[in-house]
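Peer 1: have a look at this prediction, sequence included:
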Amino acid sequence: MVERLTLLLVVFALMLGGTACPVADDDDSTSDDDDDVAPDDDDVAPDDDDTAPDDADTVPDDDDTAPDDDDTAGPVPCSSLGGIVLSMSSSVGVGICGMPWTDQGVVFNTNPYAAPTCPQPCAAFNAGPAFWLAPAELFADLLGVSCTVSSVEVDLTEVGSPGLTTVSLTDPTGAPLGSATSTMYGVLETVTVSTSGQGAVLSIQSCEALISEVRLY
């Protein structure tokens, strides 16, 4: 009887001693892994919420708090940064069509704009705080900015007649995203183009208008 009791105690002790401990260097890739004890955890689970100090996954919606986490969430919208304000005063010295200038990573240039209502040769030049199109197309490459452009506001004064200035956006492939035209004459107005895509090129075509400011959001 004593021997049987002793044997049972030994078996019970072995069972207690054999309990598994947490793995110290777990590197599994299970989709619902949420452990936080792995010092070198490198899984790529989309719902990973570990706190490994050397986590190196690249999941854009990773919500861990690792100080050196290197996931890549992509560029942020310009609107979340408060927007980018481009003043036409940066065009000082530009006096002819085809003469580029750069402001905050945005490259501006001008092209001839031929329309039935304004068949004159291209004319585009700095006019103090504004830029004069008479007639011309002012276009801007927006891919040089560090954020994603989804909306543009253009402050302009129509000098020809209402509806003769068009603002448009195209995406990186050249596909049109949206456009809007002027509606007033002789007074400063804001023409807005908004889109759900990524604006890559801004175009302003006009028979005769003063462009005062461009804002990217």
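Peer 2: Thanks, I have it. Numbers count the residues shown, from 1 in each chain.

Peer 1: need the contact list for Val152.
Peer 2: Neighbour list for Val152: Val167, Leu169, Thr192, Val193, Ser194, Gly199, Leu202, Val214, Arg215, Leu216, Tyr217 [criterion: C-beta atoms under 8 Å, 6 or more residues apart in numbering]. C-betas here are computed from N, CA, C, even on glycine.

Peer 1: what do you get if the cut-off is 10 Å, keeping everything else the same?
Peer 2: Each residue near Val152 by C-beta atoms under 10 Å, 6 or more residues apart in numbering is listed here: 78, 83, 86, 140, 142, 167-169, 177-178, 180, 191-195, 199, 202, 204, 214-217.

Peer 1: please apply the same query to Asp141.
Peer 2: Asp141 makes contacts with Pro100, Thr102, Gly105, Val106, Val107, Phe108, Asn109, Ala200, Val201, Leu202, as judged by C-beta under 10 Å, 6+ apart.

Peer 1: which one of these is nearest to Ala127?
Peer 2: Phe108 (14.5 Å; C-beta to C-beta).

Peer 1: pLDDT wise, what is that closest one at?
Peer 2: Turning to Phe108, the model gives it a pLDDT of 98.

Peer 1: hmm, back to that, just the buried subset of the contacts of Val152, written out for ChimeraX, thanks.
Peer 2: Selection of buried members from those for ChimeraX, criterion 16 or more other C-beta atoms under 10 Å:
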select :78,83,86,140,142,167,168,169,177,178,180,191,193,195,199,202,204,214,215,216,217
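
Peer 1: the contacts of Val152 in strands, which ones?
Peer 2: 86, 140, 167-169, 177-178, 180, 191-194, 202, 204, 214-216 (DSSP state E).

Peer 1: list only buried entries from the contacts of Asp141.
Peer 2: Looks like the contacts of Asp141 have Val106, Phe108, Asn109, Ala200, Val201, Leu202 buried, using 16+ other C-beta under 10 Å.

Peer 1: check contacts around the first one.
Peer 2: Residues near Val106 by C-beta under 10 Å, 6+ apart: 84, 86, 90, 140-145, 149, 202, 214, 216.

Peer 1: again, but for the last one
Peer 2: Under the criterion of C-beta under 10 Å, 6+ apart, the contact list for Leu202 reads 86, 106, 108, 138-142, 149, 152, 154, 167-170, 193, 214, 216.

Peer 1: same check on Phe125?
Peer 2: Contact partners of Phe125, counting by C-beta under 10 Å, 6+ apart, are 91, 93-97, 99, 110, 131-134, 136.

Peer 1: pull out the buried members of those.
Peer 2: Among those, those buried by neighbour count (16+ other C-beta under 10 Å) are Ser91, Val94, Cys97, Thr110, Phe131, Trp132, Leu133, Ala134, Ala136.

Peer 1: quick one: which of those sit in strands?
Peer 2: Using DSSP E, the members of the buried ones among the contacts of Phe125 that fall in strands are Thr110, Phe131, Trp132, Leu133, Ala136.

Peer 1: quick check: beta-bridge partners of the first one?
Peer 2: I take that to be Thr110. Using DSSP bridges, the bridge partners assigned to Thr110 are Leu138.

Peer 1: do I have it right that it meets Asn126?
Peer 2: No: in this structure Thr110 lies outside contact range of Asn126 using C-beta atoms under 10 Å: 11.0 Å.

Peer 1: can you list residues touching both of those two?
Peer 2: Ser91, Val94, Met99, Trp101.

Peer 1: the first one touches Asn126, doesn't it?
Peer 2: Pointing back at Ser91 there. Yes: counting by C-beta under 10 Å, Ser91 touches Asn126, with 4.5 Å between them.
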